[in-house]
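1. model this:
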Amino acid sequence: MGSDFAVPQPTPRKGSSDNNGRVQTSYGTCLTPEDRNQLALCMQEFVCRGLLTWVEKTGRTLHEQVTSKRFSRSLFSATKNWFGKPQKPGVSNQQNTESYPPDSPEMQMRRLADLAFLFHDYELAYSWYHSAKKEFKDHSPKLYAGALEMASLSKFILSSTSVKGYPSHYMEEAVVLYLTGIKIHNLATRATFFSSEIFKHFKMYTEAAANFIRMTSEEADLLSALLLEQAAHCYISCAVPMVRKFAFHMILAGHRFNKAGQRRHALRCYGLAQQVFKGKSWYLAEDHINFTVGRHSFTLKQYEGALNAFKNLLMRESRQSVQQQAMFLKEYLFAVKQLQSNDKQVQYLHLPLPLVEQNSVKVLLCSPTTPRKDHVAATSVGFQSDESENSIVMKLEALLVAPNGVVPQGFRPTLQLLTNKTVNSASAPVAVGEAVHFEIMLINPLRIPLMLSYVVLLWKFIPASEDQSTPAPTVFSNEDFRNEMQDNECIKVVPVDSVVLESHEKKPIQLSLIPLQPGSLHITGLAMDVNSTFKNEAGDYLFGKSPMPEWNIRGKIPLEMQGPRLNKRKEHFVNAVYGEDKRLDLNVVGEMPLLGVEFTPMPPQLLAGELVQGTVFIYNIGAVDVTSLRLVTSHPECFSLLPFEEQASSTRLCEQPSVIKDMPTRHVFDIALPPSGLAAGSHLNVPFTFQAPTECREHAIYFLFAYGILSLSLPGMPLPSAALLTDSHCYTFPIWNARVA
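-> Numbering: from 1, shown residues only. Below is the predicted model of the structure:
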């Protein structure tokens, strides 16, 4: 029978999870609408017939007791004062008791005030709290402070629209009593939160912040951190935000959070302060924030955040000491090492050091040659060449394609040295098998030396294909950390083994690579190892040998060129618009001849009109035969390829001065080659005669050698197939800065 009438137990229904991941269970799901109505009716009956009746009865009883006892006490006090002994000055007969009996009129008064406050009769509550504080003032500091606190809250609720009606001095006195009188810190903290929230309600954020700061102490780190953080938010919420005070108190809060062992909260506070100091030239404060953020992030295993923080310490000239900068760099290197050891997909990291002058990168498309014994090499073009000579080179090259003085449309002169002052709107052509050199300026902004090793260029290469419509061409690159050390069939890089950058040193380094097949080549950046030790160029340790093991980290520095600013259209003047700069974009063509030019030594000084003979040695060190060869000179009146005997018996060479802009036909000389041409690996000796100019000064005489091959046409040179084509390696040099005596 019992089992037949057993009430089935409802199965609790599982609900959503809370913030801690615990599953919350829902109750009351088996209640019917009728059950809910009965419950509502029950609560209404309880409130109307039970609770309110009890409140009215209790309030009436308490009021009568308080009134009667106050009247009897006042009568007794008056009789005692009338018939009693006079009180000595400075002596008080008031007792400082900490407790009252429950039926005392003071406690009945406090109960009546609390009852009125609970049922939102704040005016009545304020009047009784105000009366109670007078009774507690000289007898119980704790009850007196509590009455002040509740009276202040009741008055605020009554007049929450105006600050004039709020007795802020009540709450101030209560906090002081809690702190200094009875020394109960928890009650003082509670009163401070009440007072600060009221001040924030009236938009008195400075006073609220002062309340929070007053409650900080050296003993309670976690509580002090919370109070300082709240004070910082008060400063940022002012009508005129106090940004620096916000950041300062956030840093203090982060420090106290760290002392309390709350690193995540400390990191959050320092991160908020970092947004204020960033870019404001407060370098020492910013260094402290970045270093602390890096340390906390590393401890919490947030290695990317640690890297970004430590990187900011190294990207500019610092005012820190040498030892402090060394510690910054070691912390960064150690964080990189940890990240690379934990990350399975190892890739290059962007190095903050050394700095690179991006726009001063130079690209040299020809290689200097080593002269043979008793020969003088043509100086050609180098990284230190005078850029003003480019105009002379262009005019000499124009003589080849326009002997009649009319330059063909679309002609583009060949430049061997690309800088930020040359026109780099198109990709420069380079030949397969010929080295391309790059000069990159590195800067060390720190006061400690930097040890770099195995510095190489990073590149991307797209091979030349007959099918130009391929939507996704094959791209080869050495940017992958795992493939950079392997040999590549597209490009051969020539590394620099070691570089030492001293304190605040600005040093150029020269890197090179050799294309091995035709295609499109783009230089993307530098890759290098940064050492964790600090040595000078002599190899001595600066701070003593570190007990930690030495290690290298490998990273990259991207290279991005910015072209000249455009000023041809209206929008170019309004906004900063820059043109293209393709210094690092190279068009690799097939194999071409490579000429090496040397001369016999000449006297350092010549007399005016003096005749001197010599020999030009031309070497084809490339892989393709030369079919025709021409020589262009800036002073044809002083130069002749005739033998010396014929030249000495002919008319004078310097009858008229030469001006390049006149473009006479004599500027171009044809050099006779064997019938089969100048084969690869062979050389040619060409005798010449030189007559010194008649003007007594130093003279720079420029030559340009141009050759032709049968199966090559260069872009920008719309010439017939039988014409001579200029190689991208044309030699331009000043010869014999001869002083005419």
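
2. Correct me if wrong, but P603 is in a strand.
-> No: P603 is assigned coil when assessed by DSSP: H, G, I helix; E, B strand; the rest coil, not a strand.

3. That one touches V612, doesn't it?
-> Yes: in terms of C-beta atoms under 8 Å, P603 counts as a neighbour of V612; the distance is 6.7 Å. (Glycine included, C-beta is placed from N, CA and C.)

4. The two: which has the busier surroundings?
-> More neighbours surround V612 than the other of P603 and V612, with 17 against 11 (other C-beta atoms under 10 Å).

5. what's next to the one helix or strand the more buried one maps to, contact-wise?
-> Using DSSP states H and E, V612 sits within strand 611-620. Applying C-beta atoms under 8 Å, 6 or more residues apart in numbering, the contact partners of strand 611-620 are 372, 375, 593-600, 602-603, 606, 626, 629, 644, 647-648, 671, 678-692, 705.

6. so how far is that strand off the chain centroid?
-> In terms of C-alpha atoms, centre = their mean, to the nearest Å, the centre of strand 611-620 is found 56 Å from the chain centre.

7. try stretch 613-630
-> Its chain's C-alpha centre and that of stretch 613-630 lie 52 Å apart, by C-alpha atoms, centre = their mean.

8. can you give me the end-to-end distance of it?
-> Terminal residues of stretch 613-630 lie 20 Å apart, using C-alpha to C-alpha, to the nearest Å.

9. Do me a favour and average the pLDDT over it.
-> If you average the pLDDT over stretch 613-630, you get 84.

10. ok, now stretch 453-467?
-> Mean per-residue pLDDT for stretch 453-467: 83.

11. List the residues that contact T299.
-> Counting by C-beta under 8 Å, 6+ apart, T299 touches R263.

12. and the gap between it and T292?
-> Between T299 and T292 the computed distance is 11 Å (C-beta to C-beta, to the nearest Å).

13. ok, back up a step: can you select the buried ones among the contacts of strand 611-620 for me in ChimeraX?
-> Here is the ChimeraX command that picks out the buried ones among those, judged by 16 or more other C-beta atoms under 10 Å:
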select :593,594,595,596,597,598,599,600,606,626,629,647,671,678,684,686,688,689,690,691,692,705
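
14. Which of the contacts of strand 611-620 fall within strands?
-> Mapping those onto strands (DSSP state E) picks out 595-599, 606, 629, 671, 683-691, 705.

15. Got the phi and psi for the residue nearest to P495 when sequence neighbours are not counted?
-> Beyond its immediate neighbours in the sequence, the residue positioned closest to P495 (C-beta to C-beta, 6 or more residues apart in numbering) is V456, lying 4.5 Å away. Taking degrees, to the nearest 10, you get phi -130, psi 160 for the backbone angles of V456.

16. so how far is R263 from V456?
-> Counting by C-beta to C-beta, the gap from V456 to R263 is 39 Å.

17. Same check on L364?
-> 52 Å.

18. now Q302
-> From Q302 over to R263 the distance is 10 Å, taken as C-beta to C-beta.

19. same thing with K373?
-> Separation of K373 from R263 (C-beta to C-beta): 71 Å.

20. Kindly report the same for F117.
-> Between F117 and R263 the distance is 42 Å, computed by C-beta to C-beta.

21. So if I had to pick from these two, which one is more boxed in?
-> More crowded of F117 and R263, by other C-beta under 10 Å: F117, with 20 against 16.
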